[in-house]
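J.: from the sequence below, what's the structure:
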Amino acid sequence: MTGKRKRGSILVLGLALFAMFFGAGNLIFPPYLGFKAGEVWEVGFLAFVIVDVGMACVAVFAMSKGDGTIFSVTGLIGHKMGSLINTVIVVCIGPFLAIPRTAATTYEMAVNPLFPELSGGEFIFYLLFFLVVFLLTVRKSAVVDIVGKILTPLMVVVLAYLIIRGILSPLGEIQEKMNLAQAAQEGIVAGYQTMDTLAALVFAIIIISSAAQKGYTGKKEKNRAMIASCAVAGVLLALVYGGLSYLGATVCDLYGEDITQAQLLIQIIRAILGDGGMILLGMVVGLACLTTAIGLVSSSSAYFEDLLGGRVPYKVIVTVITVGSFAIANFGLSTIISIASPVLSLLYPVVVTLIVCALFGEKMRKTYIPQGASCAALLISFCMVLESFGISFEILHFLPLYEMGLAWILPAFLGGFVGFCIPKAKSTV
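T.: Prediction:
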């Protein structure tokens with residue numbers, strides 16, 4: 001493969017990865033983060049990028065260093081527990097939360113504002129949306145090229161135009177609303193909501209496979225391709241997130257705190273570009289959500305096809321996931337987001353802990369570090385979720401980074417140390 005063709009392939013892979021990550025959650029949360037953080041929006045944005053972009057890219061690289069499957073990360077705690085976590089992850093970023101959210105976001109941000117007379121027509125819209133997703137996903141080999149070569153460039157152009165206009169003509173003055181710790185916590189929570197780190201464990205399967213098809217077969221060559229692809233996706237994601245966060249910060253004193261994520265972005269675009277700009281918003285939302293839905297359905301189907309040993313055809317799995325997502329989408333965006341928050345707060349610390357452990361490769365399999373660290377992270381995150389429902393655990397307040405929602409980090413390190421001290425038999429896998 002020539003240098004020019006390699007660069008072209010890397011660009012396609014990077015754009016495909018960017019498009020898969022940048023979907024419904026990524027579109028509505030950064031502006032709301034800036035709106036909530038106000039004057040210290042940069043701090044919230046930095047926390048958001050680290051939790052979201054940073055960890056997602058690390059997850060892709062960790063899988064590339066391993067065998068290219070999700071078990072190279074979750075399998076560190078054993079096959080059975082790894083399979084359980086894998087299934088929970090895929091269900092969350094699949095038909096239970098993320099895929100239905102793409103359709104619900106498109107309707108509430110694009111269809112309903114443009115065609116208010118169609119209010120109540122969610123069922124028909126969701127039916128058409130998932131029909132398109134099914135048709136673009138059912139051919140597994142074509143997914144990356146469809147996303148990377150056609151949909152993503154259109155989406156980037158529209159987003160760049162919206163953000164540049166908003167930067168050149170700010171809507172208002174940025175006001176003080178939060179302190180640094182609060183802004184960081186807001187960014188971390190928003191990063192959880194995008195589900196990109198969870199999605200990375202599934203997206204990486206199709207990206208790594210596509211890289212191999214494009215000629216990146218050697219271990220070092222494949223790892224370099226993944227690093228370069230992640231760099232392309234990461235830079236684009238950071239630029240878009242930063243622009244959207246800034247736009248949200250410029251309207252922090254213009255709207256009430258009861259405004260929703262979708263309503264805020266609608267108001268920002270309408271204020272910058274007028275009612276005609278809502279057409280552009282519809283294009284952005286449609287492209288972002290459609291590309292994410294394609295990636296999620298395809299990757300989730302590939303996972304379940306492998307889990308079931310090929311006994312169930314890929315097309316059948318795609319059909320089941322698409323129909324299930326269609327059913328849940330009818331509950332609406334607000335309900336889906338409210339359900340996602342505690343689920344993701346419980347799952348994310350465990351997944352992040354395992355991703356970090358996976359960077360050290362096979363060395364971790366010779367110890368109980370992954371088991372000890374992930375169990376401690378799960379325990380603390382479970383207690384923090386209970387606190388969000390009114391059950392108080394005073395001891396948690398003494399843990400470092402509690403105010404930022406990262407109280408699980410120190411216990412995870414301690415749990416890993418305990419696991420390191422426990423001898424592991426050589427015959428144990």
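
J.: report the secondary structure state of the residue nearest to Phe130 when sequence neighbours are not counted.
T.: Nearest non-adjacent residue to Phe130, counting by CB to CB, 6 or more residues apart in numbering: Phe326, 4.6 Å away. Backbone N, C-alpha and C define where each C-beta goes, glycine included. Three-state assignment for Phe326 (DSSP: H, G, I helix; E, B strand; the rest coil): helix.

J.: now do the same contact list for Phe326.
T.: Pro100, Ala103, Tyr126, Leu127, Phe130 (CB atoms under 8 Å, 6 or more residues apart in numbering).

J.: and the fourth one, which helix or strand is it part of?
T.: With elements taken from DSSP states H and E, the one containing Leu127 is helix 122-137.

J.: tell me what that helix is packed against?
T.: Helices and strands touching helix 122-137, by 3 or more CB pairs under 8 Å, 6 or more residues apart in numbering; DSSP states H and E, are helix 98-106, helix 143-146, helix 277-307, helix 314-329.

J.: just give me the least confident of the contacts of Phe326.
T.: Confidence by pLDDT is poorest for Ala103 among these, given 89.

J.: and for that one, the neighbour number?
T.: By other CB atoms under 10 Å, the residues close to Ala103 number 28.

J.: likewise Ile380?
T.: Neighbours of Ile380 using other CB under 10 Å come to 24.

J.: likewise for the one 3 residues further on?
T.: Using other CB under 10 Å, Cys383 is surrounded by 17 other residues.

J.: give me the distance from the host helix or strand of it to the chain's centre.
T.: Assigned by DSSP H and E, Cys383 belongs to helix 369-388. Helix 369-388 has its C-alpha centroid displaced from the chain centroid by 21 Å (CA atoms, centre = their mean, to the nearest Å).

J.: before we move on, back to that, from the helices and strands packed on helix 122-137, which stretch is densest packed?
T.: Sort the helices and strands packed on helix 122-137 by mean neighbour count, taking mean count of other CB atoms under 10 Å, and helix 98-106 sits at the top with a mean of 28.

J.: next, the angle helix 314-329 makes with that helix.
T.: 50 degrees (axes from the mean of the first three to the mean of the last three CA atoms, to 10 degrees).

J.: follow-up on the earlier one: just the C-alpha atoms of the helix holding Cys383, please, in PDB.
T.: Extracted in PDB, the C-alpha atoms of helix 369-388 (Å, rounded to 0.1, in the frame of the first residue of the first chain):
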ATOM      1  CA  ILE A 369      -5.600  -6.700  40.000                       C
ATOM      2  CA  PRO A 370      -8.500  -6.300  37.500                       C
ATOM      3  CA  GLN A 371     -10.800  -8.200  39.800                       C
ATOM      4  CA  GLY A 372      -9.900  -6.200  42.900                       C
ATOM      5  CA  ALA A 373     -10.000  -2.800  41.200                       C
ATOM      6  CA  SER A 374     -13.200  -3.400  39.300                       C
ATOM      7  CA  CYS A 375     -15.000  -4.800  42.400                       C
ATOM      8  CA  ALA A 376     -14.000  -1.700  44.400                       C
ATOM      9  CA  ALA A 377     -15.000   0.700  41.700                       C
ATOM     10  CA  LEU A 378     -18.400  -1.100  41.300                       C
ATOM     11  CA  LEU A 379     -19.000  -1.000  45.100                       C
ATOM     12  CA  ILE A 380     -18.400   2.800  45.400                       C
ATOM     13  CA  SER A 381     -20.300   3.600  42.200                       C
ATOM     14  CA  PHE A 382     -23.200   1.600  43.500                       C
ATOM     15  CA  CYS A 383     -23.300   3.500  46.700                       C
ATOM     16  CA  MET A 384     -23.100   6.800  44.800                       C
ATOM     17  CA  VAL A 385     -26.000   5.800  42.700                       C
ATOM     18  CA  LEU A 386     -28.000   5.000  45.800                       C
ATOM     19  CA  GLU A 387     -27.100   8.500  47.100                       C
ATOM     20  CA  SER A 388     -28.700  10.000  44.000                       C
END
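
J.: may I see the buried residues of the helix or strand following it?
T.: Once the chain leaves helix 369-388, the next helix or strand it forms, by DSSP H and E, is helix 409-421. The neighbour-count check on helix 409-421 (16 or more other CB atoms under 10 Å) flags Ile409, Pro411, Ala412, Phe413, Gly415, Gly416, Val418, Gly419 as buried.

J.: can you redo the residues you listed as JSON lines with distance to Leu244 and pLDDT?
T.: Listed next are the buried residues of helix 409-421 as JSON lines, based on distance: CB to CB, whole Å; pLDDT from 0 to 100:
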{"residue": "Ile409", "distance to Leu244": "27", "pLDDT": "91"}
{"residue": "Pro411", "distance to Leu244": "33", "pLDDT": "93"}
{"residue": "Ala412", "distance to Leu244": "31", "pLDDT": "93"}
{"residue": "Phe413", "distance to Leu244": "33", "pLDDT": "93"}
{"residue": "Gly415", "distance to Leu244": "36", "pLDDT": "93"}
{"residue": "Gly416", "distance to Leu244": "36", "pLDDT": "91"}
{"residue": "Val418", "distance to Leu244": "42", "pLDDT": "93"}
{"residue": "Gly419", "distance to Leu244": "40", "pLDDT": "91"}
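
J.: may I have the phi/psi pair for Glu176?
T.: The phi/psi pair for Glu176 (degrees, to the nearest 10) reads phi -80, psi 130.

J.: that one - nearest residue in space that isn't next to it in sequence?
T.: By the measure of CB to CB, 6+ apart, the closest residue to Glu176 outside its immediate chain neighbours is Glu39, 4.4 Å from it.

J.: cool, thanks, talk later.
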